[in-house]
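S.K.: how would this look folded up:
(chains A and B, ligands or ions: 2)
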Amino acid sequence: MLNIKDLHVQLEEEDKQILKGVDLTVEAGKVHAIMGPNGSGKSTLSYVLSGRDGYEVTSGEATLDGEDLLDMEPEERAAAGLFLAFQYPVEIPGVGNMTFLRTAVNAQRKARGQDEMSAADFLKVIRAKAKDLKIDADMLKRPVNVGFSGGEKKRNEILQMAMLEPKMCILDETDSGLDVDAMKLVADGVNALRDAGRGFLVITHYQRLLDHIKPDVVHIMADGKIVKTGGPELALEVENNGYADILAEVA
Amino acid sequence: MAEPATQSNPTEDRLATLTMPQNGWADAARKAALARVREMGLPGRRDEYWKFTRPDSLTQPDAPKASLFHNDEGPLFDDMDRLKIVFVDGIFDAEKSDDLTMSGVRIDRLATSADIHWAADLYGSLEADGHYVQRPLAALNTAFATDGVLIHVTDKAEKPINFIYLHENETSDAILHHVVKVDAGAELTLLETGPAAARFNKSMEVDVADGATFHHVRAQGRDHERRAITHIFTRLGTESTFKSFTLTVNGRLTRNECVIDIQGDDAVAHVAGACVGDGDFHHDDTVFVTHDALRCESRQVFKKVLRNGAVGVFQGKILVKQGAQKTDGYQISQSLLLDDDSQFLAKPELEIYADDVACSHGSTSGAIDEEALFYLRSRGVPAGIATDLLTLAFLAEAVEEIEDEALRDALVERLEGWLERHRG
Ligand SMILES: Nc1ncnc2c1ncn2[C@@H]1O[C@H](COP(=O)(O)OP(=O)(O)O)[C@@H](O)[C@H]1O
Ligand SMILES: [Mg+2]
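M.R.: Ligands and ions are numbered 1, 2, ... in the order given. Below is the predicted model of the structure:
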């Protein structure tokens, strides 16, 4: 599903290489986790895949179901089925959460040649999904992420994911800053979306989240590269011993 | 053969093209206004108050041509119950207008009003009082206005009045003057829509008595090449409310001046504007609020969206006179510059002679928030729509000044349409 080959990325503004040859394949129906020290390039990878400005791909490729992601506008990548749950969701004063989501859902449907969702249908669907994530009507009406707590912002990301039903979901430290209950809600939200046709790339520092969202494959990223790949036991190893041993071993 | 050199006087050159109408009760006010024009002289490029806006096209003898604009938008507020008063190129059109009668309100046409009229005390008087800073184009309007209406609101008006200004002649030069007197406890909502004329000089004097309410919602749009100078002069009594909102889309040159004189205690005055301009567009909001009473609140909220070299101007002043304690004055002017060619020029001013007041003002210029734009796009919202959403969000604080939801929705729809047609 998601194929990344030898991806090299540097900053546009300065001559600084951040990704130094990332190779990664996420198959449909699988959950891959990426762990790694701060600054290793995990967020950069997620931003480059979703099309944020400021990065220059110097070589390599990234495709989603064979389509070249790097050649598309961010909205085209979204319509192609890519979704990024942001590490730091953005606050947008003046744009209602509900308006935003309906615009997004309908824009994607339009891009895929589907009919727009009626206001009534949309309301029905979003109410049910919001309820599962304990997002109340007030949060839906408020401007996007404005005045939301850290946990509310992350649940709002999962709500967007649930509404947009992407093929390939990237979650960037969605667990950071969540208490145990919120983590459970988020994990349930993710698990509800697990499906044979859908892939997940879960960036996290903690085993906690992976207890709830059981990964099939775990990657360790360091200094802009995937340095080790293994099964769920790799996450436990990190949890118990930190990154030092693994990094020493691959150095 | 060379023309003989003549010492030209722009004020007299302009006055030479005008004829003062005769209508009995207003004649004295007109003559006094003409004297004011001559004394002040029409504004020139070197006038401090016209530093950011060139007055030439507003003062030159003839109106510059303005082509008519066509799109398939229906008339604004068309589905609302309102009393329509239509002017075509500045001339009242009885055929197109509704019958000028409704309960709670008496409406007369300026041009044909009776010889003795209640408006005699008001016509030109609020304007004459409004020259803390000279406004010669308003005095010119008082002297030479050829049409307009006189509205006396004695009760809660049955429905809004809508001035509809149609523009059909490419060189029309219209001077309209309205007087609105809202009696104690009475209420009126006044709507103004339409491009009016190639060049439009419009003045409105609004006397809001104790406990009275005046709501004003205006949309200046359509024909892009038009030019307009408009003035509102208002005087507020005790516990009265004045709220005015203007949407401006298109227009080569628009200057909206609003002069608010708060004379009664506990009064509320809000004036707000949203404008969107693309290209050869110059929009100027000039506001002067005087607090001369206790515990009054004034708000000025102006937002401008500018692209492709469009220019926005804001000159806003809050003057708090001695003894006007507990004044609550707020002023914000902001621009969203959608490219590097556009500019916003702002001159916010506070002048305060009372010691127990809370006044604040702020002015900013900014670009679209790239983080927010990427966030929206990453959810599949195309860049154009995402920019529109952020633009509407920027304008929201001004638009929310419109209390009536139906009016607000109608204007937001116009804004959305304009933004969609002007995507970069
Ligand atoms: N826009 C940027 N400007 C400067 N440095 C950046 C930028 N984006 C990322 N970096 C740098 O790239 C490296 C990787 O960052 P990031 O992808 O956020 O790592 P992670 O998510 O793994 O913690 C860090 O050294 C970070 O400082
Ligand atoms: Mg990160």
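S.K.: Distance check, the closest residue to B:K347 other than its chain neighbours against B:H361.
M.R.: Excluding its sequence neighbours, the residue lying closest to B:K347 (C-beta to C-beta, 6 or more residues apart in numbering or on different chains) is B:Q315, at 4.7 Å. For every residue, glycine as well, the C-beta is placed using N, CA and C. Going from B:Q315 to B:H361 by C-beta to C-beta, to the nearest Å gives 12 Å.
S.K.: again with A:K153
M.R.: Using C-beta to C-beta, A:K153 is found at 33 Å from B:H361.
S.K.: Please say which of those two ends up with more neighbours.
M.R.: A:K153 (20 against 17; other C-beta atoms under 10 Å in any protein chain shown).
S.K.: who's in contact with the closest residue to that one other than its chain neighbours?
M.R.: Nearest non-adjacent residue to A:K153, counting by C-beta to C-beta, 6+ apart: A:P89, 4.3 Å away. Applying C-beta atoms under 8 Å, 6 or more residues apart in numbering or on different chains, one finds that A:P89 lies in contact with A:N145, A:F148, A:K153, A:K154, A:N156, A:E157, B:Y375.
S.K.: Now intersect the residues you listed with the helices, please.
M.R.: Residues of the contacts of A:P89 located in helices (DSSP state H): A:K153, A:K154, A:N156, A:E157, B:Y375.
S.K.: okay, now the residue nearest to B:V311 when sequence neighbours are not counted: neighbour count?
M.R.: Of all residues not flanking B:V311 in the chain, B:H282 sits nearest, at 4.7 Å (C-beta to C-beta, 6+ apart). Counted by other C-beta under 10 Å, the residues lying close to B:H282 total 21.
S.K.: Kindly report the same for B:L319.
M.R.: Applying other C-beta under 10 Å, we find 19 residues neighbouring B:L319.
S.K.: which ones are touching the spatially closest residue to A:A222 that is not a sequence neighbour?
M.R.: Distance criterion C-beta to C-beta, 6+ apart; nearest residue to A:A222, sequence neighbours excluded, is A:S40 at 5.0 Å. Taking C-beta under 8 Å, 6+ apart, we find A:S40 in contact with A:M221, A:A222, A:D223, A:G224.
S.K.: Quick one: buried ones out of these?
M.R.: A:M221, A:A222, A:G224 (16 or more other C-beta atoms under 10 Å in any protein chain shown).
S.K.: okay, the spatially closest residue to the first one that is not a sequence neighbour: pLDDT?
M.R.: If you skip the residues right next to it in sequence, A:M221 has A:G36 as its closest partner in space, 3.6 Å away by C-beta to C-beta, 6+ apart. In the prediction, the pLDDT value recorded for A:G36 is 93.
S.K.: Can you report phi and psi for A:G36?
M.R.: phi 160, psi 160 (degrees, to the nearest 10).
S.K.: can I assume it is in contact with A:K225?
M.R.: No. Contact criterion C-beta atoms under 8 Å: A:G36 and A:K225 do not qualify, at 9.5 Å.
S.K.: Which of these two has more residues huddled nearby?
M.R.: Between A:G36 and A:K225, A:G36 has the larger neighbour count (other C-beta under 10 Å), namely 26 against 19.
S.K.: Name all residues that make contact with the more buried one.
M.R.: Per C-beta under 8 Å, 6+ apart, neighbours of A:G36: A:K42, A:I220, A:M221, A:A222, A:Y243.
S.K.: same check, this time on A:I246
M.R.: A:I246 neighbours (C-beta under 8 Å, 6+ apart): A:I220, A:V227, A:K228, A:E237, A:V238.
S.K.: Give me the subset of the contacts of A:G36 lying in helices.
M.R.: A:K42.
S.K.: A helix includes B:R222, no?
M.R.: No. Counting by DSSP: H, G, I helix; E, B strand; the rest coil, B:R222 is not found in a helix; it is coil.
S.K.: Report how many residues lie close to it.
M.R.: By other C-beta under 10 Å, the residues close to B:R222 number 22.
S.K.: and if you look at B:L411?
M.R.: 24.
S.K.: which residue packs closest to it, ignoring adjacent ones?
M.R.: Using C-beta to C-beta, 6+ apart, the closest residue to B:L411 is B:L247 (5.1 Å).
S.K.: Secondary structure element holding that neighbour?
M.R.: Counting by DSSP states H and E, the element that carries B:L247 is strand B:241-249.
S.K.: give the contact list for B:K202.
M.R.: Residues in contact with B:K202 (C-beta under 8 Å, 6+ apart) are B:N141, B:A174, B:I175, B:L176, B:H177, B:H178, B:A196, B:A228, B:I229, B:T230, B:H231.
S.K.: Now, the residues you listed that are in strands?
M.R.: Using DSSP state E, B:A174, B:I175, B:L176, B:H177, B:H178, B:A228, B:I229, B:T230, B:H231 are the members of the contacts of B:K202 that sit in strands.
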